[in-house]
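S.K.: One predicted model, sequence on top.
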Amino acid sequence: MQGFSPDFQSDLDRLMRWRRDVRRFRTDAVDEATLARCLEAIRLAPSVGLSEPWRVLRIEDPALRQAALDNFRAANDAALSGYDGDRAQTYATLKLSGMAEAPVQLAVFCDESTDKGAGLGAGTMPEMRRYSVVAAVTQFWLAARAAGLGVGWVSILDPDRLARDLNVPPDWALVAWLCVGWPEAESETPELQQAGWEDRSDSLHIEVR
């Protein structure tokens with residue numbers, strides 16, 4: 001297998017640097033052709049045993065969107081109560097979800113009981129199915145960023161409550177709630193770093209053993 005050109009490698013590096021967790025969206029619609037191209041990246045993702053355990057729900061129903069937003073707000077209030085002092089004050093100022101504005105919202109689950117792949121690679125580490133879904137989300141995220149779209153991964157949720165509200169099969173485990181749309185602004189610096197919550201590490205720590 002031949003490597004890609006230096007220009008391609010440079011563009012790929014730039015794409016990964018500019019992939020951001022977006023929480024501030026414009027409300028204008030995303031055209032279906034662009035969204036479909038980005039979603040196709042999920043199908044191309046690697047998965048343990050070729051199990052392809054991802055299950056994607058596109059949430060359009062206003063009642064279901066409101067239920068998810070209420071879920072986030074309750075979980076966010078609970079999370080805030082776990083901090084005090086300056087951390088609590090900073091947390092209270094953070095915008096941690098674009099659920100009220102993002103035109104496209106996806107609930108991504110892992111089918112823990114899928115027969116596809118016949119359990120290869122998941123017998124000793126069943127969590128590999130969920131890791132496969134994470135890989136699929138990452139590929140979608142990069143494809144969306146390449147198309148100029150922003151993606152926000154909301155994790156401040158009660159997954160059991162959300163699964164009940166969406167009436168999914170009992171063996172589906174929530175991996176991601178994704179907000180998708182056109183970002184209000186773009187930055188190479190993570191928003192949490194801009195807000196003073198945490199800094200990105202300057203180097204990768206690798207041990208040789």
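M.R.: The structure has been received and is ready for your questions.
S.K.: Please name the nearest non-neighbouring residue to Ala136.
M.R.: When the adjacent residues along the chain are set aside, Ala136 lies closest to Ala45, with 3.7 Å between them (C-beta to C-beta, 6 or more residues apart in numbering). Heads up, the C-betas are built off the backbone N, CA and C, glycines and all.
S.K.: elements contacting the longest strand belonging to the chain?
M.R.: Counting residues, the longest strand found in the chain (DSSP state E) is strand 172-181. Packing contacts for strand 172-181, counted by 3 or more C-beta pairs under 8 Å, 6 or more residues apart in numbering; DSSP states H and E, involve strand 104-111, helix 128-146, strand 150-154, helix 159-166.
S.K.: of these, which approaches Gly119 most closely?
M.R.: Nearest to Gly119, of all those, is helix 128-146, at 9.7 Å by C-beta to C-beta.
S.K.: relative orientation of the closest one and strand 150-154 in degrees?
M.R.: Orientation of helix 128-146 against strand 150-154 (axes from the mean of the first three to the mean of the last three C-alpha atoms, to 10 degrees) gives an angle of 150 degrees.
S.K.: Against Thr93, how distant is Arg14?
M.R.: Distance, Arg14 to Thr93, using C-beta to C-beta, to the nearest Å: 30 Å.
S.K.: average model confidence for stretch 59-71?
M.R.: Confidence for stretch 59-71, expressed as mean pLDDT, is 98.
S.K.: Please tell me how far Glu207 sits from Arg43.
M.R.: With C-beta to C-beta as the criterion, Glu207 and Arg43 are 36 Å apart.
S.K.: out of these two, which sits in the busier spot?
M.R.: Using other C-beta atoms under 10 Å, the more surrounded residue of Glu207 and Arg43 is Arg43, with 11 against 4.
S.K.: ok, the residue most central in space within the chain - contacts?
M.R.: Central residue of the chain (C-alpha atoms, centre = their mean): Trp153, 3.5 Å from the mean position. By C-beta atoms under 8 Å, 6 or more residues apart in numbering, Trp153 lies in contact with Asp21, Val137, Trp141, Ala176, Trp177, Leu178.
S.K.: Quick check: the last one touching Leu149?
M.R.: No. The pair Leu178 and Leu149 does not pass the contact test of C-beta atoms under 8 Å, sitting 10.7 Å apart.
S.K.: per-residue pLDDT, Arg55?
M.R.: So Arg55 comes in at 98 (pLDDT).
S.K.: now it, nearest residue through space, not along the chain?
M.R.: Per C-beta to C-beta, 6+ apart, closest to Arg55 is Phe109, 4.4 Å.
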